[in-house]
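give the three-dimensional model of this entry:
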Amino acid sequence: MQNDTVEIVGVYQLEKDDIKDYDELLNPENIENAVAIEMLIKKPPQEIDGNFLAEITQANDSLPRDSWQAVYDERFLNESGTEIVSENEVRNMNSVITRVVFFFHYLDFDKPMQTPFGEVSLKPLTPMPKRLKGMVEYWEP
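As a prediction, this is how the structure comes out:
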C-alpha cells in the first residue's frame, strides 16, 4: 500500500540489550509483543499536528477503536536517523521531513498502520539497526 506522505523505514525486533533494566521486568510479555517502528513523514516538523503521533494505530476488529494499540515512548530523530532530538529541537529544524521512532505492542503484520495521512504498509521485522542501538531503549510501561 503506497502512501506518498508517510513511510515505514523499518520494523525492528527488540533484543535483550534494547531493553532498559531487562532483569527487573515485571511483565516479560510486554517485550515479547513489542517492536520498534521507525517512520518518516514527508512534511516539515512545523506542519505536523501535535496529535499526529496519538492518531497512529492499527485496526483491531475485535476491539472498539478507542481500545486499539497506540504509539508508545516516541522519540524524534534527526533527518538521517542517527540522533534523538527533543520536540523543541525538531520543531526548529530546517527540514522537509520529520523522522520518529516509537514502540508498538501486538503489531499485526497482515494489517497496515493507520495514520492521519492514510494507511501505510509495514515492512518485515528486522534487527534494530546499529545507528539506533543504545540510543533507543524500551522501558516497560
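
so after the least confident helix or strand in the chain by mean pLDDT, what's the next helix or strand?
Of all helical and strand segments in the chain, the minimum by mean pLDDT, DSSP states H and E falls on helix 29-32, at a mean of 63. As assigned by DSSP states H and E, the chain's next helix or strand after helix 29-32 is strand 34-41.

buried set for the next helix or strand after that next one?
Next in sequence after strand 34-41, counting helices and strands by DSSP H and E, comes strand 72-77. Within strand 72-77, the residues that qualify as buried are E74, R75, F76, L77, counting by 16 or more other Cβ atoms under 10 Å. Just so you know, the C-beta spots here come from the backbone N, C-alpha and C atoms, and that holds for glycine as well.

likewise for stretch 122-135?
L122, M128, L132.

before we move on, what about stretch 65-84?
Q69, A70, V71, E74, R75, F76, L77, E79, G81.

which of the buried residues of stretch 122-135 fall in strands?
In strands, judged by DSSP state E, none of the buried residues of stretch 122-135 are found.

residue nearest the centroid of this structure?
When the chain is reduced to its mean C-alpha position, the nearest residue by Cα atoms, centre = their mean turns out to be F102, at 2.9 Å.

list the contacts of the longest helix along the chain.
Once the chain is assigned using DSSP state H, the helix that runs over the most residues is helix 87-92. Applying Cβ atoms under 8 Å, 6 or more residues apart in numbering, the contact partners of helix 87-92 are P45, Q46, F76, T98.

over to stretch 55-69?
Against stretch 55-69 from outside (Cβ under 8 Å, 6+ apart): 39, 70-71, 102, 104-108, 111-116.

same question, stretch 76-86
Counting by Cβ under 8 Å, 6+ apart, residues outside stretch 76-86 touching it are 9, 38, 45, 75, 87, 89-90, 93, 95, 97-101, 131-132, 135-136.
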